[in-house]
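A.B. asks: Got a sequence here, can you model it:
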Amino acid sequence: MKNVEINRPRAWNGNKLAGDWLMTVKIDGVRAIWHDDQGWLSRANKLLYNLPPWRPGRPRDCEIFVGTFRDTIRATRTKSLKGETPPILPTHMYGLEPLDPRLHWGTITDPTVDEILARLQRANDLGYEGLVLRQGDHWIKIKPDETHDVTITGYGEGKGKHSGRLGYVTTAKGDVGSGFTDTEREILWAEAQAGTLVGQVIEVSCLELTADRKFRHPFFVRMRPDKTVT
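C.D. replies: Presented below is the predicted three-dimensional model:
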């Protein structure tokens, strides 16, 4: 059997949509794709651990969610389960193709911007990350903040109270220096000194992108070891 070809949702452009759309909720987890020769891999083609093995009849494209994003990353990236590592159970696996009924939110026809935003607000109020609207193979992701996944291309040391730890990182869309906790600055600076920071993917929120596709008021959200930027 061939490995599954995954669908990568595009970001919503903020306009109304035409036609019938299947509405699904977006959970803040890790995408897992089954490969017959390697097992479960992330979208970045990195091995994922501790997942129940795939069985015939089950989805080969899933979203893994173990309570929080942080716990999900720990559970899927830890080679050997430890006492504090949350186990991954079949109930933590949400099929994307075919769709898990728990993600199904009905259909919507010719949705206006106000209708889309109202449903997004409802999803956020219930604790979901956002929505994904589907029209065949055309999937659109809708989230409350404009976020972008970018690759770290460089870094700089901080000044003043941040001397001796990370000050900022550089990306193709501009420098990002806000949003890091003190602990994150120390950890990432150690990774920079070890030569492992450049090339990692981060999620960044911003007010908007400028005309030349650069961040305006960027803010670091989190590391995304489960993703790759193409």
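A.B. asks: Only C-alpha atoms from now on, for both contacts and neighbour counts.
C.D. replies: Will do.
A.B. asks: pretty sure Thr107 is in a helix, no?
C.D. replies: No - judged by DSSP: H, G, I helix; E, B strand; the rest coil, Thr107 forms no part of a helix; its state is strand.
A.B. asks: Next, the contact list for it, please.
C.D. replies: Taking Cα atoms under 8 Å, 6 or more residues apart in numbering as the criterion, Thr107 is in contact with Asp20, Trp21, Leu22, Met23.
A.B. asks: who's in contact with the third one?
C.D. replies: Contacts here follow Cα under 8 Å, 6+ apart; on that basis Leu22 touches His104, Trp105, Gly106, Thr107, Ile108, Leu133, Arg134, Gln135.
A.B. asks: Give me the buried entries from those.
C.D. replies: When the contacts of Leu22 are checked for burial by 16 or more other Cα atoms under 10 Å, the buried set is Trp105, Ile108, Leu133, Arg134.
A.B. asks: Wait, the first one touches Val25, no?
C.D. replies: Yes - between Trp105 and Val25 there is a contact at 6.7 Å, judged by Cα atoms under 8 Å.
A.B. asks: one step back: pick the one among the contacts of Leu22 closest to Lys173.
C.D. replies: Distance ranking of these against Lys173, using Cα to Cα, places Leu133 first at 26.9 Å.
A.B. asks: so that closest one bridges to which residues?
C.D. replies: For Leu133, the residues forming beta bridges with it (DSSP bridges) are Met23, Ile140.
A.B. asks: is it true that Ile88 touches Tyr49?
C.D. replies: No - taking contacts as Cα under 8 Å, Ile88 lies outside contact range of Tyr49: 9.2 Å.
A.B. asks: partner strands of the lowest-mean-pLDDT helix or strand in the chain, parallel or antiparallel?
C.D. replies: Counting by mean pLDDT, DSSP states H and E, the weakest-scoring helix or strand in the chain turns out to be strand 208-209, with a mean of 78. Note on strand 208-209: by DSSP bridges, its sheet partners are strand 215-216 (antiparallel).
A.B. asks: which of the residues in the following helix or strand past the strand it pairs with are buried?
C.D. replies: Scanning the chain past strand 215-216 towards its C-terminal end, the next helix or strand to appear is strand 219-223 (assignment: DSSP states H and E). Residues of strand 219-223 classed as buried under the neighbour-count rule (16+ other Cα under 10 Å) are Phe219, Phe220, Val221, Arg222.
A.B. asks: can you pull the alpha-carbon coordinates of strand 219-223 into CSV?
C.D. replies: This file holds the C-alpha atoms of strand 219-223, laid out as CSV (Å, rounded to 0.1, in the frame of the first residue of the first chain):
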residue,chain,number,x,y,z
PHE,A,219,5.7,37.9,18.4
PHE,A,220,7.2,34.5,19.1
VAL,A,221,4.5,31.9,19.8
ARG,A,222,6.4,28.6,20.1
MET,A,223,8.8,26.2,18.6
